[in-house]
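[1] what follows is a protein structure lacking sequence information:
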C-alpha cells in the first residue's frame, strides 16, 4: 500500500515535468522546425505553407546543393584543416603547461585566457592587412590558419585542465623507462587524453564551420567561399527563393546536429570547459 | 648553453662544486628550453592572431588608409584625425548605445531564462537529459544560419511569427523594433549556454543545503535567493562575463538579420567597425572603433580574471 501511495504523486509529478519540458522544447526549437518544414515544401509564402510537410519534396535541396554544394565542401575542408592545425599546436603546449610548468608558464595560461576578449573584427582588421602583404587573402591556407585561432585557446585550456589530472607517476614511470618527453606525450599522455582531444577537435570544427567573420573579411573573390558566406550572399540575391535558402540553412546545421547526437557527452564537457569550470 | 666555470687543472674542492653548480644550471636551462619548445608554437600563434592585431589596431588608428593604400600599400600617419572623425560621427554614439542595449538586454534575457531552465531541469525527471541536449541546438548551429532562419520567421508579411500570433508586427523592418527583435533572437541563441553552465553549477550544490533550508521553513523562492544564488555566485560571474565578452562583439547575427538597418537602428560597434574597414576601406577609422570595443572588453576581462584567479592560475 505505502509504496504505491508514495510513488503515485511522484510519477504524476514527472508526467507534469515531461509535459512542461516538451512545451519548452517545442517553443525553443520551433524556428529550427520551421526551417526544415519550409525546406521540405515547394511553396514558400505563408499562404502556401502547411504546418507539416505532406509530401517529401526535395526540389529545394536540389537547388540548394546546386548553388551551395561546392561551398559546403569548402567549409568542410577548411574546418578539418583548422582542427588539424589547432590540435597540432595546442596539444604540446597544453602538455608542457600542465606537466613541466617551466618559468613563464603561468603568464602563458593567463594570456590564453585573455585572448577571449579580443573581438574577431579587430583581429580581422589587422590580419587582413597582414594577409595582403603575405599574399594569403583568398587562400585556403589563410582561412584555415585564421579559423584555427578560434579553437586554439579553448583547446589549450581544455587539454591542460585534463592533463593536470593525469597522475604524475604514470608519466614518470615512462620517463624512467627511458622515453623522451615527446615519446611520453605521444605514447602515454595522448591515449589517456583521448576524450579531451575529441572534445577540443569537435569544438574547433564547430567554431570553424560556423565562422563567418573571417570568411567575409579575408576573402574578396569567390575562390574560397565557405557556406556561411554563401548563405549570406544567397539571402541578398535570392530573397524570393526562401525554400532553397532554408534548405541551405538545414544542410549547414547538419554538423551541429550530428555532433550533438554522436558526441553528446563531449559537447557538454566542452561547454563546461569553455566556462573554465 | 652557458659558459662553464674556469677550468683550472686540479681545482680545489670549492671550485669543483661551483663547477658542478654551473653544469647543473646549464642542464636546467637546457631542460627549460626543451620544455618551452612544446609551448613555443602556441605562443607564436597567439601572438600572431591576438597580440599582433591588438598592437596593429592601435597603430592603424593613427594612420590614413584610403583606396590608394590598396595599391601602394602606404598609409601615412595622420595623428588624431581618425579619432576626431569617428567621435564626431553621429553613428558612433548611436552604435555605442545600441551595443550597450543589445548586450545588457541579451544577457538579462539569456540569464533569466537559462537559470529558470537550469532549475527546472535540476528536477531530473525522465527524459530530462535528452531534452537538455536537444536545447543546445540553437547554440551550436552557425550564427549566420540562425540569423537567416529568424529573418524568415520574423518577416512582416510572410513570416510564421505573425501568422502564429495573428499580428502584423514589423519585427525587423521598423527602426523602433528592430533592435528589440535582434535582442530576442540573441537571447534565443544564448539560452543553452547559460542553462548548461548554471545547471552544472547547481549540481555542485549539495542537496543537504537545500533540504536544510526547507526544514528551516524557507519556501522555494527564499531558498533560491537566500541559499542557492549566493552559493552559485562564482558560476554566475563566469557566465555573465563570458556572455558579455561574446555578446559585445557580435557581428554575424546582426549582419544576417538586418545588416545594421533599418536606418542604422541595429548598428553596433562590431558592425560599424566592419562597415568602416571593409566596406568603406577606411581601416584607420575602423581601427578606432575596434579599439573602443577592446577597451570595453578589457574592463570586463579584468572582472573575469579576478573572479577566476584561483581556478586558473593555480595548477588545478
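    Noted; the coordinates are in hand. Quick caveat, the model's predicted, so the values are computed rather than measured. Residues are numbered from 1 along each chain as shown, chains lettered A, B, ... in the order given.
[2] hey, let's count contacts and neighbours off CA atoms from now on
    Noted.
[3] nearest residue to the residue of the stretch 151-277 of chain A found nearest chain B in space, please, no chain neighbours.
    Minimum separation of the stretch 151-277 of chain A from chain B (C-alpha to the nearest C-alpha) falls at residue A:210, amounting to 4.2 Å. Leaving aside its sequence neighbours, residue A:210 sits nearest to residue B:142 (C-alpha to C-alpha, 6 or more residues apart in numbering or on different chains; 4.2 Å).
[4] same check on residue A:51?
    residue A:37 (7.5 Å).
[5] which SSE is the one you found in?
    In this assignment (DSSP states H and E), residue A:37 forms part of helix A:2-39.
[6] can you name every helix or strand that the following helix or strand past that helix contacts?
    The helix or strand immediately downstream of helix A:2-39 is helix A:59-99, counting by DSSP H and E. When contacts are defined as 3 or more C-alpha pairs under 8 Å, 6 or more residues apart in numbering or on different chains; DSSP states H and E, helix A:59-99 packs onto helix A:140-164, helix A:194-210, helix A:227-237, helix A:242-262, helix B:13-46.
[7] mean neighbour count for those helices - can I get that in a markdown table?
    Output for these, formatted as a markdown table (neighbours: other C-alpha atoms under 10 Å in any protein chain shown):
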| stretch | mean neighbour count |
| --- | --- |
| helix A:140-164 | 24 |
| helix A:194-210 | 23 |
| helix A:227-237 | 20 |
| helix A:242-262 | 22 |
| helix B:13-46 | 16 |
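[8] how many neighbouring residues does residue 55 have?
    Using chain A. By other C-alpha atoms under 10 Å in any protein chain shown, the residues close to residue A:55 number 9.
[9] should've been chain B
    Using other C-alpha under 10 Å, residue B:55 has 12 neighbouring residues.
[10] that one and chain A, how far apart?
    As defined by C-alpha to the nearest C-alpha, to the nearest Å, residue B:55 lies at a distance of 9 Å from chain A.
[11] that residue is in what secondary structure piece?
    Using DSSP H and E, residue B:55 sits within helix B:52-60.
[12] can you list the low-confidence ranges for the chain?
    Chain wasn't specified; assuming chain A. Applying pLDDT under 70 to chain A flags residues A:1-10, A:43-48, A:238-239, A:267-277.
[13] my question was about chain B
    B:1-14, B:307-316.
[14] show me the strands in it, by range?
    For chain B, strands defined by DSSP state E do not occur.
[15] list the contacts for residue B:39?
    For residue B:39, the contact set (C-alpha atoms under 8 Å, 6 or more residues apart in numbering or on different chains) comprises A:92-94, A:96-97.
[16] list, one by one, the residues from the stretch 201-316 of chain B near chain A.
    B:238-239, B:242, B:245-246, B:249, B:251-252, B:256, B:270, B:273-274, B:277-278, B:283, B:286-287, B:290-291, B:293-294, B:297-298, B:301, B:311-313, B:315-316 (C-alpha under 8 Å from any C-alpha of the partner chain).
[17] dump the residue contacts of the residue of the stretch 151-277 of chain A closest to chain B.
    A:228, B:141-144.
[18] show me what residue of the stretch 51-200 of chain A gets nearest to chain B.
    Relative to chain B, the nearest point of the stretch 51-200 of chain A is residue A:93 (4.1 Å; C-alpha to the nearest C-alpha).
[19] what's the distance between that residue and residue B:84?
    43 Å (C-alpha to C-alpha, to the nearest Å).
[20] so what's the closest residue to residue B:79 other than its chain neighbours up against?
    Leaving aside its sequence neighbours, residue B:79 sits nearest to residue B:62 (C-alpha to C-alpha, 6+ apart; 5.3 Å). By C-alpha under 8 Å, 6+ apart, the contact set of residue B:62 is B:77-83, B:284.
[21] compare those residues and tell me which is most surrounded.
    Most crowded among those, counting by other C-alpha under 10 Å, is residue B:284 at 30 neighbours.
[22] got phi/psi on the residue nearest to that one when sequence neighbours are not counted?
    Using C-alpha to C-alpha, 6+ apart and skipping residues adjacent in sequence, the residue nearest residue B:284 is residue B:61, 4.5 Å away. Main-chain torsions, residue B:61, degrees, to the nearest 10: phi -70, psi -10.
[23] I figured residue B:61 hits residue B:282, correct?
    No - the criterion here is C-alpha atoms under 8 Å, and residue B:61 misses it with residue B:282 at 9.9 Å.
[24] name the residues of the stretch 51-200 of chain A found near chain B, please.
    Counting by C-alpha under 8 Å from any C-alpha, the stretch 51-200 of chain A sits next to chain B at A:89-90, A:92-98, A:100, A:102-103, A:106, A:108-110, A:112, A:114-127, A:146, A:149, A:152-153, A:161, A:164-165.
[25] if we go to 7 Å?
    Contacts of the stretch 51-200 of chain A with chain B, taken as C-alpha under 7 Å from any C-alpha of the partner chain, map to A:89-90, A:92-93, A:96, A:100, A:102, A:106, A:114-115, A:117-119, A:121-123, A:125-127, A:149, A:161, A:164.
[26] list buried residues within those.
    By neighbour count, with 16 or more other C-alpha atoms under 10 Å in any protein chain shown, those hold A:89-90, A:92-93, A:96, A:102, A:106, A:114-115, A:117-119, A:121-123, A:125-127, A:149, A:161, A:164 as buried.
[27] is it true that residue A:119 touches residue B:249?
    Yes - if you go by C-alpha atoms under 7 Å, residue A:119 and residue B:249 touch, sitting 5.7 Å apart.
[28] so who does the residue of the stretch 51-200 of chain A closest to chain B touch?
    By C-alpha atoms under 7 Å, 6 or more residues apart in numbering or on different chains, the residues touching residue A:93 are A:156, B:38-39, B:42.
[29] next, format these as CSV and append distance to residue B:68.
    As requested, the contacts of residue A:93 are exported to CSV (distance: C-alpha to C-alpha, whole Å):
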residue, distance to residue B:68
A:156, 41
B:38, 43
B:39, 40
B:42, 36
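[30] most widely separated two among those?
    The most widely separated members of the contacts of residue A:93, counting by C-alpha to C-alpha, are A:156 and B:38 (12.0 Å).
[31] I'd say residue B:83 and residue B:288 touch.
    Yes - with contact defined as C-alpha under 7 Å, residue B:83 reaches residue B:288; the gap is 6.1 Å.
[32] what is the burial count for residue A:215?
    26.
[33] and the contacts of residue A:210 as CSV, adding distance to residue A:31?
    As requested, the contacts of residue A:210 are arranged in CSV below (distance: C-alpha to C-alpha, whole Å):
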residue, distance to residue A:31
A:228, 18
B:141, 12
B:142, 14
B:143, 13
B:144, 14
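[34] for burial, what's the neighbour tally of the residue nearest to residue A:51?
    Residue crowding around residue A:37 was assessed by other C-alpha under 10 Å; the count is 21.
[35] my guess is it contacts residue A:50, does it?
    No - judged on C-alpha under 7 Å, residue A:37 makes no contact with residue A:50 at a distance of 8.3 Å.
[36] may I have the phi/psi pair for the residue of the stretch 51-200 of chain B at minimum distance from chain A?
    When scored by C-alpha to the nearest C-alpha, the stretch 51-200 of chain B has residue B:142 as its residue closest to chain A, at 4.2 Å. In terms of degrees, to the nearest 10, the main-chain angles of residue B:142 are phi -60, psi 140.
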